[in-house]
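[1] fold the following, please.
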Amino acid sequence: MYTPRAFAFDDLPELHQLIQHTRLAQLVTVGEQGLQASHLPLLLKPDEGPHGTLYGHLAKANRQWQDLQSGSQALVIFASAEAYVSPSFYPAKAEHGKVVPTWNYLAVHAYGQADVFTDTERLLALVSALTDRHESARAQPWKVSDAPDDYIQGMLKAIVGFALPIERLLGKRKLSQNRSAADIAGVRDGLAASPDVRDQTLARFIPQGAPHAPD
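    Next up is the predicted model:
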């Protein structure tokens with residue numbers, strides 16, 4: 001990931017926070033089957049290893065798990081908030097007009113080699129933990145144990161789990177830091193006023209009084 005110094009961040013708790021707030025990740029591998037990608041919910045265990053460990057599962061019919069099993073290097077992309085930035089947001093537009101559109105966003109890339117597992121107890125613990133995480137905000141959370149045991153056992157035979165110890169993390173927080181303080185404020189206010197909730201979400205990541213950083 002191309003990451004100019006102005007946009008890079010490497011604080012581990014902040015990287016983990018963005019990972020945990022990104023509900024669907026992209027797992028990318030290259031192997032005998034060529035370049036492959038899957039969209040997956042993942043579970044982060046931040047205290048396992050120097051950078052944490054990611055857990056997830058693939059359908060057994062999805063042959064990407066074979067790339068993981070063969071030791072292929074994996075890239076996991078966590079794409080968080082994003083928004084189009086109009087030149088009209090910049091006060092500089094009125095001053096000299098030398099402005100162009102861009103895109104602001106937050107992303108983390110995690111790299112590592114995964115261990116694949118098919119043990120029923122480990123798979124059950126994984127899918128239960130993932131389910132509990134995403135059901136926790138519901139008034140009446142659904143649990144894996146709500147389904148018949150023989151049905152769940154059959155479903156577990158159709159998936160392959162993996163644990164991916166993170167070897168390297170790259171964080172990018174592109175929030176117009178290479179602009180003047182006035183332009184940054186213009187971007188924040190412009191996105192906050194947008195009717196699109198995605199723009200409003202990105203605006204909340206832009207701090208008040210953000211300093212001008214070098215390109």
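[2] and the residue positioned nearest the centre of the chain, which helix or strand is it part of?
    When CA atoms, centre = their mean is applied to the chain, the residue found nearest the centroid is Phe78 (1.7 Å). Phe78 is located in strand 73-85, with elements delineated by DSSP states H and E.
[3] and the lengthiest helix in the chain, how far out from the chain's middle?
    Of all segments of type helix in the chain, defined using DSSP state H, the longest is helix 120-135. Computed by CA atoms, centre = their mean, to the nearest Å, the chain-centroid distance of helix 120-135 equals 19 Å.
[4] ok, stretch 180-200 next?
    22 Å.
[5] what do you get for stretch 61-77?
    Per CA atoms, centre = their mean, the centroid offset for stretch 61-77 relative to its chain is 18 Å.
[6] what's the longest helix of the chain packed up against?
    strand 43-45, strand 53-59, helix 149-156, strand 159-165 (3 or more CB pairs under 8 Å, 6 or more residues apart in numbering; DSSP states H and E). Every residue, glycine included, has its C-beta placed from N, CA and C.
[7] quick one: average pLDDT of the third one?
    Pointing back at helix 149-156 there. The average pLDDT for helix 149-156 rounds to 97.
[8] before we move on, back to that, show me which residues of the longest helix of the chain are buried.
    For helix 120-135, the neighbour count (16 or more other CB atoms under 10 Å) marks 123-124, 126-127, 130-131 as buried.
[9] quick one, it and strand 53-59 angle?
    100 degrees (axes from the mean of the first three to the mean of the last three CA atoms, to 10 degrees).
[10] check what contacts helix 120-135 and list those residues.
    Residues from elsewhere that reach helix 120-135 (CB atoms under 8 Å, 6 or more residues apart in numbering): 23, 41, 43, 55-57, 117, 141-145, 152-153, 156, 159, 161.
[11] show me how to select, in ChimeraX, the buried members of those.
    Burial among the contacts of helix 120-135 is assessed by 16+ other CB under 10 Å; the matching ChimeraX selection reads:
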select :43,55,56,57,117,144,152,156,159,161
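[12] just to revisit the earlier point, okay if I get the helices and strands packed on helix 120-135 as TSV plus distance to Ser88?
    As requested, those are exported to TSV (distance: least, CB to CB, whole Å):
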stretch	distance to Ser88
strand 43-45	38
strand 53-59	40
helix 149-156	51
strand 159-165	42
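[13] give me the residues contacting the lowest-mean-pLDDT helix or strand in the chain.
    Ranked by mean pLDDT, DSSP states H and E, the helix or strand of the chain with the weakest confidence is helix 92-95, at a mean of 78. By CB under 8 Å, 6+ apart, the surrounding residues in contact with helix 92-95 are 87, 98-99, 179-180, 182-183.
[14] let's go with 7 Å and repeat that
    Helix 92-95 is contacted by residues 87, 99, 180, 183 when judged by CB atoms under 7 Å, 6 or more residues apart in numbering.
[15] what does stretch 139-150 give?
    Contacts of stretch 139-150 (CB under 7 Å, 6+ apart): 127-128, 131, 135, 152.
[16] identify the farthest-apart pair in those.
    Glu135 and Ile152 (15.2 Å; CB to CB).
[17] circling back: and of the helices and strands packed on helix 120-135, who's closest to Gly190?
    strand 43-45 (32.8 Å).
[18] kindly provide the whole-number mean pLDDT of that closest one.
    The model assigns strand 43-45 a mean pLDDT of 98.
[19] what does the average pLDDT come to for stretch 179-197?
    On average, stretch 179-197 scores 96.
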